[in-house]
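Colleague: Predicted coordinates and the sequence they were generated for:
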Amino acid sequence: MADELVNLTIDGVPVSVPKGTLVIEAAKQAGVLVPHYCYHPGLPVAGLCRMCLVEIEKAPKLQIACATQVAEGMVVRTQSPQAKSGRMGVLELLLINHPLDCPICDQAGECELQDFTFQEGRPATRYSPDYAKRFNPVEDFGPDVLYVPNRCILCTRCVRFMEDVAKEPVLNVSERGDRAYIGIHSEGRLDHPWAGNVVDLCPVGSLLSKDFLHKARAWELDKAASICTGCSQGCNVTLDTRENVVVRVRPRSNLEVNRYFICDHGRMNYRWMNRGDRIEAPLVRRGRGGELHATDWDEAFDLVTSRLRGAGGKAVALVSPKASTEALYFARELFRGLEWSGAFQVVMGEEAPLAGVPNLALRAERAPNGRGAELLGYSRDYAAAVAAAETASVVLVLDEPDIAVRTAGALIYAGTVLPERARDAHAVLPIANVAEEEGTLVNRDGRVQRYFQAKSAPGMTRPAWWVFSELVATLEGAHHRRVGTAAEAFDRLAASVEAFRGLSYAQLGFAGAPAPTAAAVPA
């Protein structure tokens with residue numbers, strides 16, 4: 001039976017896991033991390049680093065936890081003197097040729113070799129400082145990957161990823177014994193659309209990202225869980241920031257969406273989060289033909305609400321599919337009582353699947369919240385909405401930098417930067433980008449996922465959901481309950497829109513949840 005349970009004991013803790021589970025994974029259920037280098041849950045088992053040695057009762061010798069399946073009644077000891085001595089010996093061999101590069105290595109502070117040497121290794125080396133260590137020059141593997149062979153411990157994670165997951169076997173183990181190193185095909189380059197994952201998979205500082213090289217030390221980084229906005233896949237990522245600047249994007253594991261990987265497009269799609277040409281204060285136009293002037297939020301809200309109260313007939317919202325679900329909801333609520341229509345524009349690009357993982361690809365639609373916009377009633381017919389805007393009494397444009405909108409009515413622009421064509425707006429409302437706020441996005445499969453704030457927003461900038469919810473509150477008067485947090489904004493949305501009913505931030509957690517009535521887009 002697929003869900004047949006096996007009972008065993010790991011370090012004195014009873015554990016029940018499905019039949020076929022590896023000992024290294026079962027140990028996690030007991031709260032035990034068995035040291036390892038070659039093993040990774042997203043890769044085929046290799047069993048070659050020997051770092052995960054454990055003692056199993058009645059076994060004639062130490063076993064590797066990464067390639068041993070659990071058995072009924074098994075007793076595993078990860079901290080016995082024999083197991084610890086075995087792992088100490090493995091580490092000593094790995095460190096024979098490893099250089100003392102920690103002070104200059106990008107991996108320092110998040111290096112598994114550092115961690116396990118401190119946890120499992122000898123208090124001092126037995127080798128003479130006169131012992132000649134192996135030396136090989138740094139190699140350029142591709143657009144964003146450097147290989148430092150001196151640090152390599154030959155775990156082969158990179159080789160297995162390219163061969164079994166990316167299905168492009170350009171890496172191999174060349175030579176033998178102490179001369180072995182990771183080689184690259186003579187006519188190949190590490191330019192696969194998902195090749196950057198080899199940097200994340202490397203447990204030491206042997207494979208490095210050129211983009212992140214020497215930008216920051218690991219202990220200087222603040223980390224926030226986020227969602228990639230590069231396409232409609234909705235991959236889970238971690239944004240690493242230093243001094244309020246996003247410096248790196250890394251994959252965050254989610255078995256339902258992207259497993260352990262992200263594409264290189266999403267990995268490099270972060271520099272716009274650090275743009276310096278931001279709108280930092282609300283801008284309003286005073287009088288006919290006047291110029292835009294900086295003001296405070298109160299005056300901006302008064303001007304916008306006066307335009308909305310005096311509006312009749314049609315109202316059009318032209319929105320970005322990168323905006324949060326909460327922002328799109330309150331933008332719609334802003335026009336309650338008017339003849340409202342809304343649409344979003346989808347930018348298309350090349351599709352790049354990850355061959356070894358079903359339903360995972362860089363999607364052609366660069367619309368991280370296109371599905372969320374559809375669930376809220378926004379249309380994909382952007383051209384028709386632009387045409388309708390010409391005769392509308394109020395037009396709201398939400399973060400569309402290349403807007404080309406003509407209207408006889410009032411134009412309200414909410415965005416992060418100010419395009420030239422938005423300078424004709426009656427009011428400009430500065431909003432935060434995805435790294436500067438909390439919110440949710442709905443991916444192409446209808447999965448609602450949270451992202452968290454990674455850095456502070458500049459000047460008077462505020463999240464779009466706050467701006468629109470305040471405008472709604474101003475319109476409806478004192479009896480309207482204001483929204484103070486992104487969680488409250490989502491609760492208001494979930495209570496009003498059937499597709500999200502029953503969901504909450506607490507329920508979404510870090511992994512997200514399917515929208516109750518959101519049908520998936522065919523693959």
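Modeller: On my side now, so go ahead. Residues are numbered from 1 along each chain as shown.
Colleague: Show me where this structure has its helices.
Modeller: Along the chain, counting by DSSP state H, helices occupy 23-29, 81-94, 112-120, 157-160, 197-201, 264-268, 297-309, 325-333, 370-375, 382-389, 464-476, 486-496, 505-508.
Colleague: Packing partners of the fourth one?
Modeller: Same thing as helix 157-160. Contacts of helix 157-160 with other secondary structure elements, assessed using 3 or more CB pairs under 8 Å, 6 or more residues apart in numbering; DSSP states H and E, are made with strand 171-174, helix 197-201. (Each C-beta comes from the backbone N, C-alpha and C, glycine too.)
Colleague: neighbours of G484, just the number please.
Modeller: If you count neighbours by other CB atoms under 10 Å, G484 ends up with 10.
Colleague: thinking again about what came up before, same list (the helices and strands packed on helix 157-160) but as a markdown table, adding mean pLDDT and distance to S469.
Modeller: Formatted as a markdown table, the entries for the helices and strands packed on helix 157-160 read as follows, by pLDDT from 0 to 100; distance: least, CB to CB, whole Å:
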| stretch | mean pLDDT | distance to S469 |
| --- | --- | --- |
| strand 171-174 | 95 | 51 |
| helix 197-201 | 97 | 37 |
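Colleague: Tell me which of those sits most buried.
Modeller: With neighbours defined by mean count of other CB atoms under 10 Å, none of the helices and strands packed on helix 157-160 is more surrounded on average than helix 197-201, at a mean of 23.
Colleague: separation between E390 and T407?
Modeller: Taking CB to CB, to the nearest Å as the criterion, E390 is separated from T407 by 6 Å.
Colleague: More neighbours: which of these two?
Modeller: Neighbours of E390 and T407, each counted by other CB under 10 Å, are more numerous for T407; the result is 19 against 14.
Colleague: That one contacts A388, correct?
Modeller: No - the criterion here is CB atoms under 8 Å, and T407 misses it with A388 at 9.5 Å.
Colleague: who touches both of these two?
Modeller: Taking CB atoms under 8 Å, 6 or more residues apart in numbering as the contact criterion, the residues that touch both T407 and A388 are V316.
Colleague: Need the distance between the two termini of stretch 327-344.
Modeller: Distance between the two ends of stretch 327-344: 13 Å, counting by CA to CA, to the nearest Å.
Colleague: now that stretch, how far from the centre of its chain.
Modeller: Centroid separation for stretch 327-344 versus its chain: 29 Å, with CA atoms, centre = their mean, to the nearest Å.
Colleague: what comes up buried for it?
Modeller: If you call a residue buried by 16 or more other CB atoms under 10 Å, then stretch 327-344 has these buried ones: 327-335, 338, 340-344.
Colleague: Which residue in these has the weakest pLDDT?
Modeller: Among these, L338 carries the lowest pLDDT, at 88.
Colleague: Could you provide the helices of the chain in a markdown table, with additional columns for distance to S226?
Modeller: Formatted as a markdown table, the entries for the helices of the chain read as follows, by distance: least, CB to CB, whole Å:
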| stretch | distance to S226 |
| --- | --- |
| helix 23-29 | 25 |
| helix 81-94 | 34 |
| helix 112-120 | 24 |
| helix 157-160 | 24 |
| helix 197-201 | 16 |
| helix 264-268 | 11 |
| helix 297-309 | 26 |
| helix 325-333 | 15 |
| helix 370-375 | 16 |
| helix 382-389 | 26 |
| helix 464-476 | 16 |
| helix 486-496 | 13 |
| helix 505-508 | 13 |
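Colleague: Minimum distance to K455: which of those helices has it?
Modeller: Nearest to K455 among those is helix 486-496; the distance by CB to CB comes to 15.6 Å.
Colleague: From the contact counts, what lies against the closest one?
Modeller: Using 3+ CB pairs under 8 Å, 6+ apart as the contact criterion, the secondary-structure elements in contact with helix 486-496 are helix 325-333, helix 464-476, helix 505-508.
Colleague: Mind exporting the C-alpha coordinates of that helix to PDB?
Modeller: Written as PDB, here are the backbone C-alpha positions of helix 486-496 (Å, rounded to 0.1, in the frame of the first residue of the first chain):
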ATOM      1  CA  ALA A 486      -2.600  43.600   4.400                       C
ATOM      2  CA  ALA A 487      -4.200  40.800   6.300                       C
ATOM      3  CA  GLU A 488      -7.300  42.900   7.000                       C
ATOM      4  CA  ALA A 489      -7.400  43.900   3.300                       C
ATOM      5  CA  PHE A 490      -7.300  40.200   2.300                       C
ATOM      6  CA  ASP A 491     -10.000  39.400   4.800                       C
ATOM      7  CA  ARG A 492     -12.300  42.100   3.300                       C
ATOM      8  CA  LEU A 493     -11.600  40.600  -0.200                       C
ATOM      9  CA  ALA A 494     -12.200  37.000   0.900                       C
ATOM     10  CA  ALA A 495     -15.500  38.000   2.500                       C
ATOM     11  CA  SER A 496     -16.700  39.800  -0.700                       C
END
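Colleague: Compute the number of surrounding residues for the closest residue to L338 other than its chain neighbours.
Modeller: Nearest residue to L338, sequence neighbours excluded (CB to CB, 6 or more residues apart in numbering): A315, at 4.2 Å. The tally of other residues near A315 (other CB under 10 Å) stands at 25.
Colleague: thought A315 was touching A389?
Modeller: No - taking contacts as CB under 8 Å, A315 lies outside contact range of A389: 9.5 Å.
Colleague: Strands of the stretch 401-523 of the chain, residue ranges please.
Modeller: Remark: strands of the stretch 401-523 of the chain, listed N- to C-terminal, are 410-415, 427-430, 439-442, 447-451, 513-514; assignment by DSSP state E, counting those that start in this stretch.
Colleague: For the second one, which strands pair with it and how are they oriented?
Modeller: Think strand 427-430. Its sheet considered, strand 427-430 pairs with strand 283-285 (antiparallel), strand 410-415 (parallel) by DSSP bridges.
Colleague: Likewise for the third one?
Modeller: The sheet places strand 439-442 alongside strand 447-451 (antiparallel), with pairing taken from DSSP bridges.
Colleague: and the angle from the partner strand to helix 486-496?
Modeller: 160 degrees (axes from the mean of the first three to the mean of the last three CA atoms, to 10 degrees).
Colleague: And the contacts of strand 447-451?
Modeller: Contacts made with strand 447-451 from outside it, assessed by CB under 8 Å, 6+ apart, are listed as 225-227, 234, 236, 256-257, 325, 372, 434, 438-443, 500, 503, 505, 508-515, 518.
Colleague: so where's the protein uncertain?
Modeller: For the chain, applying pLDDT under 70 flags the ranges 1-2, 288-289, 401, 478-480, 518-523.
Colleague: And the residue most central in space within it, how far from G415?
Modeller: In the chain, the C-alpha closest to the average C-alpha coordinate belongs to V237, at a distance of 1.4 Å (CA atoms, centre = their mean). According to CB to CB, V237 and G415 sit 23 Å apart.
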